[in-house]
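Student: generate a structure from the sequence data that follows.
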Amino acid sequence: MPTYSKEVRLAQRPEGYPDSSTWDVAEVEVPEPGPGEFVVRVELISLDPAMRGWLNDVRSYVPPVGIGEVMRALAAGTVTASKHDGYAVGDVVSGTFGVREYAVSDGAGVSRLDLDRAPMETWLGALGMPGMTAYFGLTDVGAVAPGDTVLVSAAAGAVGSIVAQLAKARGCRVIGVAGGQEKAEWLRGLGLDAVIDRREGDLLKQVRTAAPDGVDIYFDNVGGELLDAALANLARGARVVLCGAVSAYNEESLPEGPRRYMSLLVFRARMEGFVVFDYRDRYGEAVDAIAGLIDEGRLVAAETVLDGGVEAFPEALLGLFEGVNTGKLLLKV
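Tutor: Down below sits the predicted model:
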């Protein structure tokens, strides 16, 4: 085992897009486990839009990453040393290990991964936090029902692609929104009923054309202009599921609020946000449902894996906001 481990730390809070001044790459000794601890060799790091929010010194569902702290990140890897009764050398695990090569853990928030059931990449994607987010956002917050018309933004992304396929499996009419012809074609290949390329403009008209009878569920990962277009085209009793607003994460000032929020009144609709951690006790339910669809060939678990190790994290994070990924974006360590 190597003597030293590289890790990425927050050097200063960014204004707008993070750049090279945001980060420090440090080299530290590989940790030794204390009583009740184990060491993980990190192999894959999850890249998530929420990471950008964790850099802001604001009140949120988790504390911001502190200056000088290792960047928070979900990751997966293999146990290399253990003094923990519940984890043995060779176990494959996932947890919030951070952007580093080796991590020490006491087991809190850690899950053991069954690679006979799915590869490590899928455990960070369709069977990981994105899949959990998609499942509970659609089923519990969205109250999905057969026959619903479901509009999904960032539908070629980690969460959106699972939402779209889960909705199809529930007997819904599904409209996916993505950026660019390549992603639009990929969504058509998944069997979606309609696909909107946001780069073609006039989102209001595109949504109205794709959903002439209105949208029953809008699963929002983007915010901004697309949220307004969805609000303008709601069906009576619609549910707007607020999962994220990636269009605004790197803005230096707060975006203007939705201009068409009165549609919620007109169509007797509701708009609700959620945090997936609130459903932690039910993750097994979602894993079984999604894994079953994968096994049946009814759901594609897509991942885009970047190389380069922890040093490549700053550029890889920017790639997330530039849309380099189809499905889940991961960094190989």
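Student: in the chain, which spans are helices?
Tutor: 50-54, 120-123, 129-136, 158-169, 181-189, 203-210, 224-231, 263-266, 283-295, 313-322 (DSSP state H).
Student: what does the third one contact?
Tutor: If you take CB atoms under 8 Å, 6 or more residues apart in numbering as the criterion, helix 129-136 is touched by 46, 48, 74, 125, 158-160, 162-163, 166, 243, 274, 276, 279, 282-283, 285-287, 289-290, 328. Heads up, the C-betas are built off the backbone N, CA and C, glycines and all.
Student: ok, of those residues, which come out buried?
Tutor: For the contacts of helix 129-136, a neighbour count by 16 or more other CB atoms under 10 Å gives the buried set as 46, 48, 74, 125, 158-160, 162-163, 166, 243, 274, 276, 279, 283, 286-287, 290, 328.
Student: state the distance from L231 to A108.
Tutor: Per CB to CB, to the nearest Å, L231 is found 40 Å from A108.
Student: quick one, which of these two is more surrounded?
Tutor: L231 (26 against 7; other CB atoms under 10 Å).
Student: got a list of what that one touches?
Tutor: Y218, V240, P258, R260, Y261, S263, L264.
Student: pull up the distance across stretch 251-270, start to finish.
Tutor: Start and end residues of stretch 251-270 are separated by 27 Å (CA to CA, to the nearest Å).
Student: ignore the last one, stretch 63-70
Tutor: Where stretch 63-70 begins and where it ends lie 13 Å apart, using CA to CA.
Student: first-to-last residue distance for stretch 180-195?
Tutor: Stretch 180-195 has its terminal residues 11 Å apart, counting by CA to CA.
Student: same check, this time on stretch 317-333
Tutor: With CA to CA, one end of stretch 317-333 sits 14 Å from the other.
Student: name the residues of that stretch that are buried.
Tutor: By neighbour count on 16+ other CB under 10 Å, the buried set for stretch 317-333 is 317-321, 323, 325-331, 333.
Student: for the stretch 1-150 of the chain, give me the ranges with low pLDDT.
Tutor: Judged against pLDDT under 70, the stretch 1-150 of the chain has no low-scoring part.
Student: any idea how far S161 is from the residue nearest the centre of the chain?
Tutor: Centroid-nearest residue in the chain, with CA atoms, centre = their mean: P130, separated by 4.3 Å. Going from P130 to S161 by CB to CB gives 8 Å.
Student: then D106?
Tutor: Distance of D106 to S161, given as CB to CB: 34 Å.
Student: of the two, who's got more company?
Tutor: Higher neighbour count among D106 and S161: S161, with 33 against 14, using other CB under 10 Å.
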